[in-house]
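Peer 1: generate coordinates for the sequence data below:
(2 chains)
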Amino acid sequence: MRSRFISIWFRHLLADWQLIRRPELSGLPFVFAAPDHGRMLVKAVSPLAAEQGVETGMAAADAKAICPGLEVLDDKPGRAKKLLKGLGEYCIRYAPIVAIDEFSMDGLILDVSGCAHLWGGEREYLKEIVSRLKSKGYTVRLAIADTPGAAWAVSRFGKVTPLVAPGGHVETLQALPPEALRLEELTLSKLRKLGFYQIKSFMGMPRSVLRRRFGEAFLLRLAQALGTEPEQLQALQQPVPFRERLACLEPIKTRTGIEIAITKLLEALCKRLQVEGQGLRSGVLTGYRIDGKIVQVVIGTSAASHSVAHLFKLFQLKIDQIKPALGIELFELEALKVAPVDVPQEALWNCKPGLDNKSVLQLIDRLSGKLGAAAVHRYVPEARYWPERAVVQAGSLTEVRTRDWCIDKPRPTELLPRPEVIQVMALIPDHPPKFFIYKGEHHQVMKADGPERIEREWWLDAGEHRDYYRVEDANGRRYWLYRSGHYGSNQPFQWFVHGFFA
Amino acid sequence: MEAKLEILKKLQQDLLLWQGFKPAEGEVADCIGLGEIEAAFPGGVFPRKAIHEFICAEPDQAAATDGFIGGLLSVLMADGAGCVWISTARRLFPPSLAAFNVEADHIIFVDVRNEKEVLWVMEEALRCEGLAAVVAEVDGVSLVESRRLQLAVEQQGTPGLIIRKDLKRLVAGVSTARWKISPVPSASEEGMPGVGFPRWQVQLLKVRSGMPGSWTLEWEGDRFVQITPQKVLVQTVQAKVS
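Peer 2: Alright, predicted model coming up:
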């Protein structure tokens, strides 16, 4: 399919917008001005003021001198972009990918590849867009061409026809001035000085010569207009391939109603997912309320799924968060993330135990849906001796551990999240404690193992090493104690209890 | 003598039936490796479709309970099935479970904020097929809540183990068994220095249709071994001689 682009140029974007808002200004010349270096500079001009010779970049005082009765309005930075964003969202009805023209900030670029036939041909397509925007009050110029650059050029500088035939953009560009290439002012003045008034006069020159004189950016713009380099458009709204909408005749207010809506949406979505062999990993349900507010709930699954029953259960946990207020009139379900789902062969008995069991995966989805994904943990061993870092959280339920659990050193069944200080009586240099006092209770040590020295991971944190002892008191309770640091060194040593053995 | 034993066995089974205990049909009478303790349960089988309560008098004993549960899990999870461990303030150290033959990466730890959520997660997990066991550290289980859990267990057949640490909030529930595991001094082999295998006093405080009792157990690396008083006696005698 040949790619086609439409460029829409709003000739007087801010002025048109102001006229729509305040029709009483229609007979008056006015400009938008913003403070710059202590004076007011004209940023945008209305058609009437332009006729009288006012230009952008003038000081507002000069403009007033040229054109008496000129209305000077305050300009807000970013207003043009906001307007274009709104217009762009309106234009999504014409093409899925709509981008703001970032270079001059007064137009839109639409990727209309494969769209024109839906409107009965390109001529009718352009006519429709122009008349629609005109009826809203905007004066626009449009052009359609094979590249965004060529469309931009023709919409602003074209004199023959806005309809550039497929493959004809190179020829059309030849007669246009270099300004049509979206170049910096510095490059343009250089070109003028050298006497290049038309693109054709430098189009065929060797690239190395052009690069030396005008730089890489110039070559890129030229290549983008000619179509030898691709141009990426920043779409206003990324098209979501899996989206279902459900408009309701009456606003929905009840839980039962919302449940029915979710089921209907899921049935339609899962049918499409199933046909394409995809499963949902993360989805969002949006409800448009009649008071103009939007309510959203998001779900995630640990494995791609297109089972209506399972996804419905996940949404069911979140229905409490949907506040319908006066009612929801439109539901929209989007699959933000999809992944290929591997459909296992149906077994007569579902007897395969393990974590990748389907029902276990669905349980985890429900738990993390209700409690948040941070509540569910799974650990795999890490090749480290420092007890706090001996395990690492597994990324997913299906992650397989890369090494075996280590059993050659004793490790306590319960580990205190933070070691607690104890008082100890022990023989030096390396004997286990004779007794220790923990939480005010005196423990006589009967049996002991150790020491096991664990060095601190000095590349991560500073501090003393630990000498661990496994001790058993007279009542048979087993503890994991350690001494931090050496006896007699400059730093004071201290004893801690760090865990309990079974 | 043989005939008498047969009659006794038959009578015991009849008694169980009259008490309302029905052995599940087609259930495999797997042993769980507890040896003589299993005889305390009705029919001599460790009940899997049941809620087991473990009470810990003091925080230091919780480790012993964890260890004993680790021993049970090693048999329950032997086929590679997963387990869910729910708690509000977890202190269990996953690498230590390797000493009890449990693959800690098959355990899904769910850390929640309050006990209400623990109970919700536990019920959801018990109703899920494909899990070997569900362990929950929770104190406030009322009669109604324990009945809900029992119904979930009976539906799916996954054993539910509850660890209760607060004795003040202990109320009567419908759990099938109530255990108390307390650590006892270990015995090192033939005068070797150091701490020996973990050894516990296992008390079965309550068993439905069974016989409560008290036993001394030791975890010898890969299985439970029951310590009879005679064995201890022999050891002490040997110690005295040497």
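Peer 1: surely residue B:134 is in contact with residue B:123?
Peer 2: No: using C-beta atoms under 8 Å, residue B:134 is not in contact with residue B:123; the gap is 9.2 Å. Every residue, glycine included, has its C-beta placed from N, CA and C.
Peer 1: compare the two and say which is more crowded by neighbours.
Peer 2: Of the pair residue B:134 and residue B:123, residue B:134 is the one with more neighbours under other C-beta atoms under 10 Å in any protein chain shown, namely 29 against 19.
Peer 1: find the nearest non-adjacent residue to the more buried one, please.
Peer 2: Spatial nearest neighbour of residue B:134, excluding adjacent residues (C-beta to C-beta, 6 or more residues apart in numbering or on different chains): residue B:125 at 4.5 Å.
Peer 1: again, but for residue B:31
Peer 2: Spatial nearest neighbour of residue B:31, chain neighbours left out: residue B:38 (6.1 Å); criterion: C-beta to C-beta, 6+ apart.
Peer 1: in a helix, that's where the one you found is, yeah?
Peer 2: Yes: counting by DSSP: H, G, I helix; E, B strand; the rest coil, residue B:38 is part of a helix.
Peer 1: doesn't residue B:48 make contact with it?
Peer 2: No: the pair residue B:38 / residue B:48 is not scored as a contact, 11.7 Å apart, by C-beta under 8 Å.
Peer 1: ok, residue B:83 - contacts?
Peer 2: By C-beta atoms under 8 Å, 6 or more residues apart in numbering or on different chains, the contact set of residue B:83 is B:73, B:76, B:77, B:106, B:107, B:108, B:131, B:132, B:133, B:134, B:135.
Peer 1: what bridges to it?
Peer 2: Going by DSSP bridges, residue B:83 is paired in beta bridges with residue B:107, residue B:133.
Peer 1: over to residue A:7?
Peer 2: With DSSP bridges as the rule, residue A:7 is bridged to residue A:109, residue A:143.
Peer 1: count of residues packed around the residue in chain A that chain B sits nearest to?
Peer 2: The nearest approach of chain A to chain B comes at residue A:502, 2.3 Å away (C-beta to the nearest C-beta). Residue A:502 has 27 neighbours, counted by other C-beta under 10 Å.
Peer 1: mind checking how far it is from residue B:14?
Peer 2: In this view, residue A:502 and residue B:14 are 40 Å apart by C-beta to C-beta, to the nearest Å.
Peer 1: got it, and residue B:115?
Peer 2: Plainly put, residue B:115 is 41 Å away from residue B:14 if you go by C-beta to C-beta.
Peer 1: of these two, give the one with the bigger neighbour count.
Peer 2: Remark: of residue B:115 and residue B:14, residue B:115 carries more neighbours, 18 against 10, as counted by other C-beta under 10 Å.
Peer 1: does the more buried one touch residue B:142 like I think?
Peer 2: No: here residue B:115 does not reach residue B:142: they are 10.6 Å apart, not a contact under C-beta under 8 Å.
Peer 1: element containing residue A:151, please.
Peer 2: Residue A:151 is part of helix A:148-157 when elements are defined by DSSP states H and E.
Peer 1: what is that helix packed up against?
Peer 2: Under the contact criterion of 3 or more C-beta pairs under 8 Å, 6 or more residues apart in numbering or on different chains; DSSP states H and E, helix A:148-157 touches strand A:5-10, strand A:107-111, strand A:140-145, helix A:169-174, helix A:216-226.
Peer 1: quick one: buried residues of stretch B:70-85?
Peer 2: Of the residues in stretch B:70-85, B:70-77, B:81-85 count as buried by neighbour count, 16 or more other C-beta atoms under 10 Å in any protein chain shown.
Peer 1: just the ones of those residues in helices?
Peer 2: Counting by DSSP state H, the part of these found in helices is B:70, B:71, B:72, B:73, B:74, B:75, B:76.
Peer 1: center of chain B - which residue?
Peer 2: Centroid-nearest residue in chain B: residue B:69, 5.6 Å away (criterion: C-alpha atoms, centre = their mean).
Peer 1: how far away is it from chain A?
Peer 2: 9 Å (C-beta to the nearest C-beta, to the nearest Å).
Peer 1: returning to that earlier point: export the helices and strands packed on helix A:148-157 to a markdown table and tack on mean pLDDT?
Peer 2: Shown next, in a markdown table, are the helices and strands packed on helix A:148-157 (pLDDT from 0 to 100):
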| stretch | mean pLDDT |
| --- | --- |
| strand A:5-10 | 93 |
| strand A:107-111 | 92 |
| strand A:140-145 | 92 |
| helix A:169-174 | 90 |
| helix A:216-226 | 91 |
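Peer 1: make TSV from the ones you listed and add mean neighbour count and distance to residue A:331 to it.
Peer 2: Putting these into TSV (neighbours: other C-beta atoms under 10 Å in any protein chain shown; distance: least, C-beta to C-beta, whole Å) gives the following:
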stretch	mean neighbour count	distance to residue A:331
strand A:5-10	25	32
strand A:107-111	24	28
strand A:140-145	24	35
helix A:169-174	19	43
helix A:216-226	18	41
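Peer 1: residue B:18 is nearest to which of the ones you listed?
Peer 2: Of all these, strand A:107-111 sits nearest to residue B:18, with 80.5 Å by C-beta to C-beta.
Peer 1: what about the closest one, distance to the chain center?
Peer 2: Computed by C-alpha atoms, centre = their mean, to the nearest Å, the chain-centroid distance of strand A:107-111 equals 21 Å.
Peer 1: show me which strand runs longest in chain B.
Peer 2: strand B:199-207 (DSSP state E).
Peer 1: please pull up the helix or strand immediately following that strand.
Peer 2: Downstream of strand B:199-207 (by DSSP H and E), the next one is strand B:213-219.
Peer 1: what packs against the helix or strand just after that next one?
Peer 2: Where DSSP H and E defines the elements, the next helix or strand beyond strand B:213-219 is strand B:224-226. Applying 3+ C-beta pairs under 8 Å, 6+ apart, we find strand B:224-226 packed against strand B:213-219.
Peer 1: and the strand it packs on, what does it pack onto?
Peer 2: helix B:62-76, strand B:199-207, strand B:224-226.
Peer 1: single out the most deeply packed of those.
Peer 2: Ranked by mean neighbour count, the helices and strands packed on strand B:213-219 are led by helix B:62-76 with a mean of 25 (mean count of other C-beta atoms under 10 Å in any protein chain shown).
Peer 1: tell me the angle that one makes with strand B:213-219.
Peer 2: Helix B:62-76 and strand B:213-219 are oriented at 80 degrees to each other (axes from the mean of the first three to the mean of the last three C-alpha atoms, to 10 degrees).
Peer 1: got the end-to-end distance for stretch A:455-470?
Peer 2: 17 Å (C-alpha to C-alpha, to the nearest Å).
Peer 1: now the helices for the chain?
Peer 2: Picked chain A for this. Using DSSP H, the helices found in chain A span residues A:13-21, A:47-51, A:60-66, A:79-91, A:122-136, A:148-157, A:169-174, A:185-193, A:200-203, A:207-214, A:216-226, A:255-275, A:308-316, A:358-371.
Peer 1: oops, chain B please
Peer 2: Going by DSSP H, chain B shows helices at B:2-18, B:62-76, B:115-126, B:143-156, B:229-241.
Peer 1: got CSV for these, with distance to residue A:300 and mean pLDDT too?
Peer 2: What follows is these, written out as CSV (distance: least, C-beta to C-beta, whole Å; pLDDT from 0 to 100):
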stretch, distance to residue A:300, mean pLDDT
helix B:2-18, 48, 84
helix B:62-76, 29, 91
helix B:115-126, 17, 92
helix B:143-156, 25, 90
helix B:229-241, 55, 50
